[in-house]
Every structure is written in C-alpha cells, then in structure tokens.
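when you get a sec, could you give me coordinates for this:
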Amino acid sequence: MKNNIIRKKLMVFGLVCSMAMSMVSAPALAAGTEPYSETESESESQTQQTETESESQTQPLSETLPSESETYMQGTESESQSEETETQGGGAEVVLDDWDLTSREGVEGLYISGIEGEDYTRDSVTGMITIKSDKAIEITGKPGVEYTGQIVVEADEAKLTLDNVVMKNAAGDVLTVQEGKKLDLTVSHVNKLLADENDGAVAVKLETASELTISGDGKLDIRGTKMGKDIVMSRGMKKIDTEEEKDRPASLTITDGTVRAVNGISVTGNESQKVSVKITGGSVDLKELSSSDKEKIKLTGNSGADVHKTSLTLSEAEEQVDDIAILSGGTAYTYGKDGIYTDENNKIYLYLPAKQTVVTAAGTAYAGEVKTSGTTELAKESAMLTVEPVTVPALTYGDMADKIVAGAVTVKNASVNSTTVTAELTGANRDGFTLTPAAVQTDGVTVPGKTDTAVGINTEIRIQPKESLLDKGAGKYETTLTITDASGKTTPVTVSFTINKAKLTPEAKIDEKVYDGKRTGSGTVTLKGAMYGEKPKIVENKVSYKFNSANVKDAKKVTVSELELQEEYAKNYELALDRFEVEASIKKAPNDNDKEDLKKPSVTAVYNKEKGIWQPKMTTYEGQEYLFFGSSRTELTEKNKKSENWEFGDKKTKSDRIVSMGDKNGKPIGLKSGTTYTVWTRFAGDDNHEPSDGDAMAYTTFSVGSSGGDGTSVSESNNRIKGLTEGTTYKIGSRLAFGAEGAGMTNTSPKTGDERYIPLSWKVSEEHTWSSAPYEAAFTINQAGSYTLQVTFRKQTYSNNSWVNTSTTSVKSVNFKMASDGANGTGYTTSGGNSPSTGSGTGSSGSGSNSNSGSGTKTNTAAKTGDDSPIIPLLVVCLASALVVGGILWKKRKDDKEDEME
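Predicted coordinates:
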C-alpha cells in the first residue's frame with residue numbers, strides 16, 4: 001500500500017516536471033544557441049537580439065541560421081558534431097532546410113520594411129497585411145514561427161520580398177492579388193503559404209487581369225486545402241484604361257527559385273481565353289495538367305512554345321544546383337538557374353519543350369525525349385547523341401532525275417564523353433536511297449573511318465534518293481537512318497522523300513442553253529498540265545454546272561464545281577481548282593402558244609380632228625403584238641419575222657386603242673384615204689421567251705374612208721336594249737315591252753365618214769325584224785324558265801348624202817327569267833305613248849314562242865336611208881290594222897266585264 005502511494009507521488013512529480021519543461025520554447029534566435037521564449041521579458045529579448053546581431057557579423061552563415069537538425073533534433077550534441085554537419089551539408093543546405101514549427105504568432109511579430117499606414121497596413125485583429133504602395137517592401141519572419149494572417153495586394157505594381165515567412169490563414173486565402181494589380185514576388189530562404197485544412201480557401205488567389213511574377217534564390221511552398229488546389233486564377237471581363245471591356249485572365253510567371261504547388265492550379269470564370277502560366281527558370285513542382293486543365297491553362301516557356309514537366313534525379317549533387325546547360329532539339333535552350341534546389345528525393349523539376357533534350361547539371365549529363373503528358377524523367381547518359389530530323393527536298397511528278405537534291409543529317413554528341421558511331425539505312429525503301437558520309441569533324445571524338453557507313457561525331461551524312469524512286473510516281477517514301485554508338489545504343493531518325501502530285505488546270509466549255517426556268521447547265525471539262533502524254537479525265541457525272549441566274553437577261557456566268565479526277569489518275573495528279581467560273585448566257589425559249597389561239601385585231605379608221613389625219617382604232621388582245629403595212633401583205637420577209645419593232649407587246653388587254661403611225665420630219669403621218677392597210681399579229685415575247693414564230697400569224701385588212709370628211713366613229717359597245725333588265729325575274733304571262741337604240745342614231749346632221757348602228761331584228765325563240773323606227777316590241781311568256789333576248793344591229797356609214805349599210809353587224813343580249821312570283825312586266829313606255837303590237841306565246845325548256853310583233857306608229861324623222869319603198873301607203877295600212885286590233889280589244893274587255901257581272 002505504501003509502495004503504491006510512493007509510486008503515485010512519483011508519477012505526479014514527473015507530470016509536473018513535464019509540464020514545466022513544455023512551457024520553455026525550443027527555437028533559438030537568429031544568433032546564439034539559447035531557445036527563444038515567448039515568456040522572456042522585453043528587455044531580455046532586446047538584449048539577446050543585440051547580441052545576435054553582433055555575433056552574426058562575425059560568425060558563419062551556418063551559425064547565424066541553424067538548421068532544423070541542429071536546433072531541434074541534436075539537442076545537446078557536442079560542438080564538433082555541429083561543425084561536422086556544417087561541413088557536410090554546405091552553407092546553402094543549412095540555410096534552406098525546413099524546420100518544425102515551434103510557435104505561432106500574429107502578424108505583429110513580422111518585420112515589415114517601409115512606412116506603416118502609407119506603404120502598407122497591418123491589422124493585428126484580422127491578421128491582414130495590405131500592400132498599398134509600389135515601393136519595394138520586405139516581410140521578414142523568424143525561423144520556426146508560423147504567423148497567422150494573410151497578405152492582400154491592392155497596389156498597382158507591388159514589389160514584395162518574403163524572407164523566412166511561414167504564414168497560415170485560418171479564415172481565407174493567404175496571398176491575394178486583387179483584380180488588375182501586379183506583384184513581383186521575390187523569395188529568400190524558406191517560405192510557406194498555407195491555407196487552413198478545414199477551410200475551402202486556396203493559398204494563392206489571382207483575380208481577373210492580375211499578374212504574379214515569382215523569382216529569387218529561395219524556396220516557396222504553396223499549399224491549399226486537401227480537397228482543393230494551391231493556386232486559383234480567374235478569368236473575366238475588365239476594362240483597362242480607355243480600352244473597351246475584354247476578357248482579361250490572370251497570369252503567373254516563374255523565373256527563378258524553388259516553387260512547389262503539388263495540388264496544382266484551378267481556373268474560375270467561363271470566358272474563352274486561357275490563363276497564362278509561364279515558366280522560364282527555377283525548380284517548379286506543379287501538379288500535372290489534366291485534359292480539362294489544358295483547355296483553360298496555357299503553359300509556356302521562354303520562347304512562347306508549350307512546355308512540359310521534366311525531372312532529373314541528381315543523386316550526387318549538392319542541394320543547390322548552380323550550373324545547368326540545356327540542349328533542346330539540338331539547340332541551346334535558355335533557362336534561368338538561380339535558386340534551384342533538390343527536393344527530399346534529390347530531384348529538380350524543369351519545364352521544357354517536347355523535344356529530344358540533353359541537360360547537363362552539376363557536371364552530369366542527362367538525356368531523353370520530353371513528353372507532352374506525364375512527367376518526363378531524363379536519364380543519366382555516358383554519351384548522348386542527337387540526330388537532327390531530315391527531309392530530302394521534294395520533287396513534282398514529271399520531274400527528271402537531274403532535279404534530285406540530297407538531304408543532310410547532322411549527328412552530334414552532347415556528352416563530354418566521346419564515342420564512335422555507325423550509320424545504316426534500315427526499313428522500307430532503304431534500297432531507294434544512297435548514304436554518303438561527309439568530311440568528318442572529330443572535335444576530340446574517336447572516328448573509325450573504316451567503311452562508308454562509319455562516321456564520326458559532329459559530322460554530316462548526306463542522303464540522296466535514287467532515280468528508281470521516280471518510277472514509283474507521286475507519294476511519300478520513307479526509310480530509317482539508324483545511328484549506333486560504341487556502347488550499342490541506337491538512335492533512329494526518319495528520312496523522307498516526297499514526290500508531289502502534278503497540278504492540273506481545269507477548263508470548261510458550256511453547252512448552249514435555252515431558257516427553262518432553271519439555273520442548271522451542262523458542258524465539257526478539259527484538263528491541262530498532264531505529263532508523259534497522259535490524258536487524265538474527271539468523273540463527268542459528278543460535275544455541277546450552275547448559272548448565276550435562271551433568267552436570260554441576268555445569266556452571265558456558270559460556276560463549274562464538284563470536280564473529281566478519275567481514280568486511275570488521282571495517284572499522280574491533283575486539280576489546281578475544284579471550282580471556277582466561265583462566262584455563258586441563256587437563250588430565250590420559243591413561244592409555246594399555238595397559232596390557232598391568235599385573234600385577229602378588230603380595226604377601224606378614225607379621223608383625228610386635232611391632227612387632221614386618219615388613224616386606225618383597234619382592239620388588242622392579251623399577249624399579242626402587231627405590225628402595220630400600208631399595203632396588202634400576205635407574206636412576211638425574214639427581216640419582218642425577226643423584227644422586234646412590233647407594237648403593243650405588253651401583256652394586258654386594251655380595247656379601242658388609237659394607233660399612232662409615228663412622225664416624220666416633225667409632221668404627223670396618217671393613213672391615206674382609199675388605201676388598204678394590213679395588220680399582222682403574233683404572240684409577244686418577254687424577257688425569257690421569243691415572240692411566236694413569224695409563220696404562225698393572223699392578219700386582217702381594212703380600208704380607210706374617202707377624204708374630205710371629219711369622220712365620227714362609233715363603238716358597238718354603245719348599242720343598247722332599253723326596258724328589259726339583265727338578270728331580272730318577271731311574272732309569267734306579264735307584258736314584256738322593250739326598245740332598241742343603236743350607237744350614233746341620234747346623229748341628225750351626219751357628214752361623210754360618220755358611222756352609226758340601227759336595230760335590225762330581235763329574237764327570243766323566233767327572229768323578228770324591224771323595217772323602220774320606232775324599234776320597239778312586246779311579248780309574253782307563259783312558262784317559267786331562263787330566257788335570252790338578242791337584238792341585232794347593222795353598222796352604216798354616211799356617204800354621198802345617205803346612210804349606207806355595211807356588212808358589219810353586232811349582237812346585244814339581255815338574260816332574264818320567268819316565274820309566278822316575278823315582276824309584273826317591264827313597265828317600258830314606248831315613244832309617243834303608243835304601244836307596240838304584242839304577241840303572245842308559250843315557252844318551254846328555257847325558250848318561248850311568240851307572235852310577230854309589228855313596228856310602232858311613231859313617225860320616222862330620220863334622214864334618208866336610200867330605201868325607195870312607198871312610205872305613205874304603208875302608213876295607211878298600218879293605221880287601219882291598229883284600229884281593227886283596238887276594236888277587238890275593246891270588245892274583249894266589254895265581254896269580260898259582263899261575265900263578271902253575271
């Protein structure tokens with residue numbers, strides 16, 4: 001029991017001692033070996049800092065900044081052990097080793113150069129340091145201390161140096177370069193920017209249009225959260241100065257230093273431009289870009305070409321690498337080298353173009369082909385050959401052997417070690433080439449010189465195609481030149497020789513085309529430029545001939561396209577053009593109207609009082625045009641047939657048109673009296689059609705009246721039927737009275753050449769004639785149906801003081817209906833109040849029959865007509881007949897009244 005109590009007391013004592021020891025801070029100050037404690041008094045700290053500064057002026061760098069192993073792991077090891085560590089690692093190794101963090105402070109513990117409040121601000125509560133000035137500012141930390149805070153750049157062009165700064169932000173990004181701002185960041189010694197693992201932020205944030213350049217001879221470790229990236233770069237629209245707003249992505253440039261961001265870069269924003277990441281020096285360890293990253297990030301080197309991650313394992317080198325020489329594709333490649341350090345695996349990381357590359361670092365040579373994906377590991381080499389790619393100058397099908405030119409292959413050794421090589425042609429087409437070594441330039445390299453295929457280093461080998469390759473025709477012929485060094489390592493390079501296809505120039509002849517409303521044409525294509533008498537052809541059924549317009553007046557060119565060589569000629573030839581234009585035109589199409597459809601024009605002569613001439617008046621027909629001759633013409637000459645000077649070629653129907661005969665010497669030309677004129681007609685053409693053929697004509701003749709009269713022409717359209725109304729329905733059995741009036745009948749003072757129409761006869765079912773005025777009649781129809789009244793008029797002309805009948809007649813019609821509920825008669829009142837005689841009849845099937853109707857009793861006062869019939873006896877007979885008919889009607893009405901009374 002007592003032993004247990006003693007044991008418990010010893011445990012409590014040990015725990016108290018352990019807690020007391022933990023309160024003493026482990027890290028030492030920049031000079032001296034005593035640990036730095038947060039509990040030290042201000043005076044002690046100032047004293048110790050003064051002592052440190054004094055000692056640092058006289059002590060080596062290794063004593064000024066002790067390494068992790070010296071300060072925290074060795075503890076109380078002897079001074080000799082500490083000196084041995086310095087000797088083995090070298091000054092740079094001691095300075096740049098990482099260390100375990102032993103304490104945390106706010107940003108107030110950092111030394112910041114410049115004027116606070118003007119060049120920068122420091123907020124001890126939020127931990128934010130804001131860079132406000134373009135002056136160079138340096139932030140210096142103490143080894144082993146982690147500072148809680150963040151840095152925000154809002155100066156336009158800031159210059160900042162981080163020296164032993166380990167900063168972690170528990171509430172956001174660590175370093176932010178604001179939109180449109182620039183930061184030149186120099187790193188010295190070991191620096192870290194750490195995002196809180198439990199926060200979604202990144203370590204470095206570059207906003208839209210911002211620029212960050214990293215340089216220096218120190219280290220910078222950038223670590224974002226475990227789930228995110230280390231660096232985020234933004235894309236977005238921004239207006240700079242007076243320029244219009246454009247997509248201005250952020251950019252990152254690394255020129256020196258050892259930079260590590262193993263979680264990589266992310267890009268925000270949906271704009272089209274890529275963010276720019278440019279690496280021209282330093283050891284940079286970034287996460288490999290994925291395919292999606294490459295769509296957003298443009299990664300380039302000092303030449304602007306794409307670069308890719310490449311590593312070297314420098315197992316025998318010190319941590320710091322001061323000498324690097326790079327040969328990319330056989331050409332020196334400039335690469336910054338200040339501040340390159342190996343990582344814990346003795347590796348450095350370079351970003352180089354995708355080519356065969358040789359890197360000499362720390363006196364050791366490394367070589368390999370840099371890949372476009374993944375990290376390329378360059379291997380250590382004893383002798384490294386580079387063989388420049390070669391292409392023998394190309395020929396064209398048809399060229400002769402005297403035009404063959406040799407190509408040159410240069411073999412170089414980038415290693416400090418010499419070797420001998422053998423050159424040999426292998427693979428397909430090797431017998432088609434001749435290999436000739438040129439003069440050997442040894443440059444200190446052993447050269448065997450025993451055979452034609454044995455060459456030295458830094459020499460030129462000539463490759464020339466043989467004439468036999470020309471017989472194979474156009475194509476690309478390749479073989480492999482294999483260079484083997486003394487160790488047996490082979491370096492292959494492809495040798496290629498191309499015979500290009502000969503160019504053929506197409507020409508086309510376009511077939512004559514007649515208008516069909518389509519743009520499609522036809523033709524024949526010929527080819528120029530064939531060799532050896534060959535006659536290459538195209539696939540004819542695939543050629544397209546297309547007019548620029550389907551209309552005759554607009555069609556000017558034909559586009560010939562879709563040209564394809566026949567397969568048997570396609571190996572050695574190709575077309576210089578796959579489409580071209582040819583001048584061409586379209587002919588008007590023949591007129592497709594039939595001769596039987598032509599209508600003869602109706603022509604009469606009209607006297608023009610104003611001009612004092614006779615002119616033809618004619619009715620034209622739609623789509624027809626006319627040609628006049630001052631004589632009888634039954635045939636047309638070829639010139640007349642093809643003439644375009646026919647009149648009235650518009651497509652609209654025009655009635656009773658006065659035809660002008662033209663002017664001569666400023667005086668009107670009219671038709672001559674007593675002369676017969678011929679008018680021909682044809683179907684008019686249009687923009688795309690010819691007029692109808694000259695042989696498919698219709699013509700008419702007419703004669704102009706005697707001279708001396710002034711001539712009043714009348715139109716048959718002015719003939720009228722009065723009383724009976726078109727389309728009216730009349731009552732069955734009712735009295736239908738009407739009158740007829742011819743055009744010109746009111747002319748009571750006719751002159752020679754005047755015209756008129758007089759009624760000649762009328763007809764419903766049977767024809768009835770008039771011999772004189774009044775031209776009136778009445779009839780009844782006792783059956784329902786549809787009927788037509790037709791009145792025929794005769795044309796008369798006034799000549800030799802009398803009206804003379806012509807052969808011209810005209811018919812006027814009125815359509816009407818009969819029904820039991822129709823109108824009760826026409827209500828027509830005859831001239832002078834006299835009623836014309838009426839007839840009664842019955843109609844069936846749409847036609848009625850009625851009795852003859854006599855003429856009226858109105859006195860005829862018209863001019864003499866040339867008829868010598870006795871007028872007075874006829875009038876007496878007519879009067880007697882009227883009295884008889886009147887008595888009969890009176891007796892019938894009286895009988896009807898008596899019947900009604902009974």
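
check contacts around residue 826.
Residue 826 is in contact with 723, 724, 725, 730, 735, 736, 737, 738, counting by CB atoms under 8 Å, 6 or more residues apart in numbering. The C-beta positions use only the backbone N, C-alpha and C, and glycine is treated the same way.

neighbours around the nearest residue in space to it that is not next to it in sequence, how many?
Nearest residue to residue 826, sequence neighbours excluded (CB to CB, 6 or more residues apart in numbering): residue 723, at 4.6 Å. As a burial measure, residue 723 scores 20 neighbours (other CB atoms under 10 Å).

what does residue 375 show for phi and psi?
Phi and psi for residue 375, reported as degrees, to the nearest 10, are phi -90, psi 120.

against residue 579, how distant is it?
According to CB to CB, to the nearest Å, residue 375 stands 50 Å off from residue 579.

quick one: the residue lying closest to residue 406 once chain neighbours are set aside and residue 191, what's the gap?
Distances taken as CB to CB, 6+ apart put residue 464 closest to residue 406, at 3.8 Å, once the chain neighbours are dropped. The gap separating residue 464 from residue 191 is 60 Å, by CB to CB.

who has more neighbours, these two?
More neighbours surround residue 191 than the other of residue 464 and residue 191, with 23 against 14 (other CB under 10 Å).

ok, how many other residues are close to residue 813?
By other CB under 10 Å, neighbour count at residue 813 equals 11.

now stretch 522-532: mean pLDDT?
Per-region confidence: stretch 522-532 scores 94 on mean pLDDT.

over to stretch 329-344?
The predicted model gives stretch 329-344 an average pLDDT of 82.

try stretch 253-269
Looking at stretch 253-269 alone, the average pLDDT works out to 90.

ends of it, how far apart?
When the termini of stretch 253-269 are compared using CA to CA, to the nearest Å, they are 20 Å apart.

beta partners of residue 810?
Counting by DSSP bridges, residue 810 is bridged to residue 793.

contacting residues for it?
Residue 810 is in contact with 716, 719, 757, 792, 793, 795, counting by CB under 8 Å, 6+ apart.

sorry, back to before: and the residue nearest to residue 406, its phi and psi?
Dihedral pair for residue 464: phi -130, psi 130, per degrees, to the nearest 10.

again with the one 3 residues further on
When quoted as degrees, to the nearest 10, the phi and psi of residue 467 stand at phi -60, psi -30.

verify the contact between it and residue 404 for me.
Yes: the pair formed by residue 467 and residue 404 meets the contact definition of CB atoms under 8 Å, at 7.3 Å.

compare the two (neighbour count), which wins?
Taking other CB under 10 Å, residue 467 and residue 404 do not tie; residue 404 has more neighbours (17 against 11).

report pLDDT for the closest residue to that one other than its chain neighbours.
Take residue 404 and drop its neighbours on the chain: the residue closest to it by CB to CB, 6+ apart is residue 465, 5.6 Å away. In this prediction, residue 465 carries a pLDDT score of 93.

hmm, residue 465 is touching residue 433, no?
Yes: with contact defined as CB under 8 Å, residue 465 counts as touching residue 433 (5.8 Å).

overlap of the contact sets of those two?
Residues touching both residue 465 and residue 433 (CB under 8 Å, 6+ apart) are residue 497.

those two: which has the busier surroundings?
More crowded of residue 465 and residue 433, by other CB under 10 Å: residue 465, with 25 against 21.

residue contacts, that one?
Counted by CB under 8 Å, 6+ apart, residue 465 has contacts 392, 404, 432, 433, 434, 477, 497.

after the helix or strand containing residue 311, next one along is what?
In this assignment (DSSP states H and E), residue 311 forms part of strand 308-313. As assigned by DSSP H and E, the chain's next helix or strand after strand 308-313 is strand 320-321.

so where does residue 292 fall, helix or strand?
Judged by DSSP H and E, residue 292 forms part of helix 291-294.

residues of that helix that come out buried?
residue 293 (16 or more other CB atoms under 10 Å).

now do the host helix or strand of residue 760: everything it contacts.
Residue 760 belongs to strand 755-763 when assigned by DSSP H and E. Residues from elsewhere that reach strand 755-763, judged by CB under 8 Å, 6+ apart: 712-714, 716, 718-719, 740-745, 747, 750, 767-770, 775, 777, 789-798, 803, 809-810, 853.

sweet, I'm off.
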